[in-house]
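Asks: Take this sequence and fold it.
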Amino acid sequence: MRWLLLLLIALPAPAQGLHYRLKLWFRGSEAPVEGRFTVDTTLPTRSFNRVQKPRLGGWVIRPVAGEDRVAEALILARAPSLLFLSTPVPQASRTSVRVTVGGRPLPFWGLRTPKGLVASVAMAEIAPRTLAVMDLTAQPRGGDLARVELHLESAGRLTSAAPPQDGTALLGTLDTWAKEPAGPADAAAVTVLR
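Replies: Below you'll find the model as predicted:
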């Protein structure tokens with residue numbers, strides 16, 4: 001019995017949350033800004049009402065220690081708008097493929113992106129009926145971003161099973177990028193042949 005207790009104490013605790021790597025290419029810069037962060041859910045708030053209605057939770061985004069502080073600030077500022085952690089939406093379609101994320105096989109989902117946007121979004125079912133962005137590659141037409149890459153490196157347990165209130169933030173970001181007019185860099189990239 002003691003050996004079992006010692007073994008349980010010696011084992012490392014399972015990783016909490018979703019571990020991501022994000023690369024941002026800004027217009028006019030050569031090298032990307034790169035950083036890693038962890039996303040975890042928070043418990044829904046309880047009210048003092050007698051009848052407890054179902055509530056949505058939130059999420060916490062933590063940077064990985066030891067990164068460049070400026071890159072860390074840029075990553076943490078952009079990350080909330082690039083995340084998806086929710087139940088399936090109409091734009092998502094399940095496939096028969098299973099992918100391995102951090103040694104864990106997960107069902108693979110695709111996400112239709114808005115027309116006119118050069119983007120690819122792959123999602124993984126990290127818990128029953130809970131999808132998270134697994135891989136995002138996008139080239140916004142306008143704004144200060146030229147390219148975005150987001151990759152799920154490992155998927156641990158989430159603190160709460162309740163989806164975050166703003167869990168579909170990525171859908172709004174993709175719609176905004178699709179509606180943006182072409183930036184000056186895109187207009188200059190066109191070559192006219194005579």
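Asks: what residue lies at the spatial centre of this protein?
Replies: The residue lying closest to the centre of the chain (Cα atoms, centre = their mean) is Leu83, at 3.3 Å.
Asks: State the distance from it to Thr38.
Replies: Leu83 sits 12 Å away from Thr38, going by Cβ to Cβ, to the nearest Å. Where C-beta positions appear, they are placed from N, C-alpha and C, glycine not excepted.
Asks: Now for the two: what residues contact both?
Replies: Counting by Cβ atoms under 8 Å, 6 or more residues apart in numbering, the common neighbours of Leu83 and Thr38 are Ile61.
Asks: And for Ile135, the neighbour number?
Replies: No, residue 135 isn't Ile; it's Asp. Asp135: 16 surrounding residues under other Cβ atoms under 10 Å.
Asks: helix, strand or coil for the closest residue in space to it that isn't next to it in sequence?
Replies: Closest residue to Asp135 apart from its sequence neighbours, by Cβ to Cβ, 6 or more residues apart in numbering: Ala122 at 4.2 Å. Assigned state for Ala122: strand (three-state reduction, DSSP: H, G, I helix; E, B strand; the rest coil).
Asks: wait, doesn't Ala122 sit right on Pro107?
Replies: No: under the criterion of Cβ atoms under 8 Å, Ala122 makes no contact with Pro107, lying 11.4 Å away.
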